[in-house]
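**Q** quick one, fold the following:
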Amino acid sequence: MKTLYPYLLAAMVLMIACKKTRYYSRSQIVPTILTPVDANKNIAFSASFTLAWNEMRQQIGAPVNNKAKAVKWMNDSPVAEDILGSKEFKRDVSIDGGNITVLVNFQKELGFDVPMQPLKEPFEFNGKAVKAFGMEEYDPELIGQAHLMYYRDEDHFVMSLDSKDKSSDIILAKGFNKGAQLHVILQQIQGAMRKGTKIKEYASLKIPVLKFQEEEHFKELEGIDFKAKGNAYRIKTARQKMSFILAQEGAKIADAAADEVTVAAALDSGEVMRPPNLIFNKPFVVMLQKKKSNFPYFMLKVENDEIMDANKDN
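**A** Predicted coordinates:
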């Protein structure tokens, strides 16, 4: 048995190394904001993959002509080329013969000038005890960097958090998760922000700690065949790695018009007088966005506690 042990150990290591890189069952990354999403899953999107896709099209020198819906969504994705600088994300776009590989790793850090408070009181998201941060005790410095952009009630509001990177904001929106695509959810949030609010102060702010780490192979794109300028191509690999953390220090990433009108009417309401409690204890959306842009370079639709830290003390 002793002589077999090294071989058994080597076989176990090989099996672990060959396992599919997948950390979650209720969370995923989508390649474009137009991709249909699962209403019950946490969904992450980064514009970096769309920019890498556009770079691949430039290398080919022609459009990607294929009738697959996934290809149409990629080609139609509304992302400006200057939404992210070339040094703000890593990508490897290579064409070997007719085989195309698109690998993307998005990394960015948006810390807070003033760290927020770890919550001492129990906090629950969808009835599950999880770790959280925010403002339990009134702090004018925290209110100065966490701005209320829209408020209907304690289940429908939008926050904008300042970061050390003065070119970007962290936007949190509660009550806007309904939608078959992220771009529909984005339209709802943008419509609410245009309406604005006169409320500037609030009694408390509570946000669950988020830790999302995933590597996604976009199977809907891998294996796609197309021709361009008389040459045959196949997308061999389309993959994105992403790691996102939102905690008291800030955010870190390593790695419909008709609908809008309906939502704007549904969310119409008067202002409230008392300072509200802003508690992200139900599904919400996180966006990272340049101040001069109307489009986020990162979105995370938070639906469940799979990407949160369980608070076993509560």
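**Q** remind me which helix or strand the nearest residue to A80 once chain neighbours are set aside belongs to.
**A** Nearest residue to A80, sequence neighbours excluded (CB to CB, 6 or more residues apart in numbering): F295, at 6.6 Å. Bear in mind the C-beta positions are built from the backbone N, C-alpha and C, glycine included. Secondary structure assignment for F295, by DSSP states H and E: no helix or strand.
**Q** what about the helices in this structure?
**A** Ranges of helices in the chain, per DSSP state H, are 5-17, 47-60, 69-76, 140-145, 182-195, 257-266.
**Q** mean pLDDT lowest where, among those helices?
**A** Across the helices of the chain, helix 257-266 has the smallest mean pLDDT, namely a mean of 32.
**Q** so who does P296 touch?
**A** Neighbouring residues of P296 by CB atoms under 8 Å, 6 or more residues apart in numbering: A47, I171, L186, M287, L288, Q289.
**Q** tabulate those residues (TSV), appending distance to F123 and neighbour count.
**A** Shown next, in TSV, are the contacts of P296 (distance: CB to CB, whole Å; neighbours: other CB atoms under 10 Å):
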residue	distance to F123	neighbour count
A47	31	26
I171	21	21
L186	27	25
M287	22	24
L288	23	23
Q289	26	20
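**Q** could you identify the most distant pair in these?
**A** A47 and I171 (14.6 Å; CB to CB).
**Q** which of the residues in stretch 169-184 are buried?
**A** Residues 169-177, 179, 181-184 are the ones in stretch 169-184 that count as buried (16 or more other CB atoms under 10 Å).
**Q** list the contacts of the closest residue to L172 other than its chain neighbours.
**A** Sequence neighbours aside, M159 is the residue nearest to L172 in space, at 4.5 Å (criterion: CB to CB, 6+ apart). Going by CB under 8 Å, 6+ apart, M159 touches A146, H147, L148, M149, I171, L172, A173, L205, L278.
**Q** ditto for W73
**A** Neighbours of W73 in contact, by CB under 8 Å, 6+ apart: P31, T32, L34, T35.
**Q** what about the longest strand in the protein?
**A** strand 231-247 (DSSP state E).
**Q** what about this protein, any weak spots by pLDDT?
**A** 1-23, 255-274, 314 (pLDDT under 70).
**Q** identify the bridge partners of the residue nearest to L172.
**A** Beta bridges link M159 to L148, L172, judged by DSSP bridges.
**Q** same check on S46?
**A** F298.
**Q** can you count the residues close to it?
**A** The number of residues packed near S46 is 29, by other CB atoms under 10 Å.
**Q** what of A132?
**A** 29.
**Q** could you find the closest non-adjacent residue to it?
**A** F123 is the one closest to A132 (CB to CB, 6+ apart), at 3.9 Å.
**Q** can you report how many residues lie near that neighbour?
**A** Using other CB under 10 Å, F123 is surrounded by 24 other residues.
**Q** quick check: it touching K131?
**A** Yes. Under the criterion of CB atoms under 8 Å, F123 makes contact with K131 at 7.5 Å.
**Q** give me the common contacts of these two.
**A** What both F123 and K131 touch, as defined by CB under 8 Å, 6+ apart, is the set P208, N311.
**Q** what bridges to S27?
**A** N42.
**Q** shouldn't it be in contact with E306?
**A** Yes. S27 is in contact with E306 according to CB under 8 Å; the separation is 5.4 Å.
**Q** now do the closest residue to Q248 other than its chain neighbours against S27, distance only.
**A** By the measure of CB to CB, 6+ apart, the closest residue to Q248 outside its immediate chain neighbours is F133, 3.8 Å from it. F133 sits 21 Å away from S27, going by CB to CB, to the nearest Å.
**Q** try N54
**A** 26 Å.
**Q** ok, Q213 next?
**A** Separation of Q213 from S27 (CB to CB): 10 Å.
**Q** of all the contacts of M159, which comes closest to G196?
**A** M149 (6.8 Å).
**Q** which residue, other than its chain neighbours, is closest to the closest one?
**A** Leaving aside its sequence neighbours, M149 sits nearest to V158 (CB to CB, 6+ apart; 4.4 Å).
**Q** before we move on, what about A254?
**A** Per CB to CB, 6+ apart, closest to A254 is S243, 3.9 Å.
**Q** pretty sure the one you found sits against E215.
**A** No. Counting by CB under 8 Å, S243 does not reach E215; the two are 9.4 Å apart.
**Q** which one's more surrounded, Q213 and S27?
**A** Counting neighbours by other CB under 10 Å for Q213 and for S27 shows that S27 has the greater number, 23 against 16.
**Q** verify the contact between V37 and E303 for me.
**A** No. Counting by CB under 8 Å, V37 stays clear of E303, with 9.5 Å between them.
**Q** find residues that contact each of these two.
**A** Common neighbours of V37 and E303 (CB under 8 Å, 6+ apart) are I43.
**Q** now do the contacts for the residue nearest to N177 when sequence neighbours are not counted.
**A** The shortest distance from N177 to any non-neighbouring residue, by CB to CB, 6+ apart, is to P283 (4.2 Å). With contact set as CB under 8 Å, 6+ apart, P283 has these partners: N126, K174, N177, K301, V302, E303.
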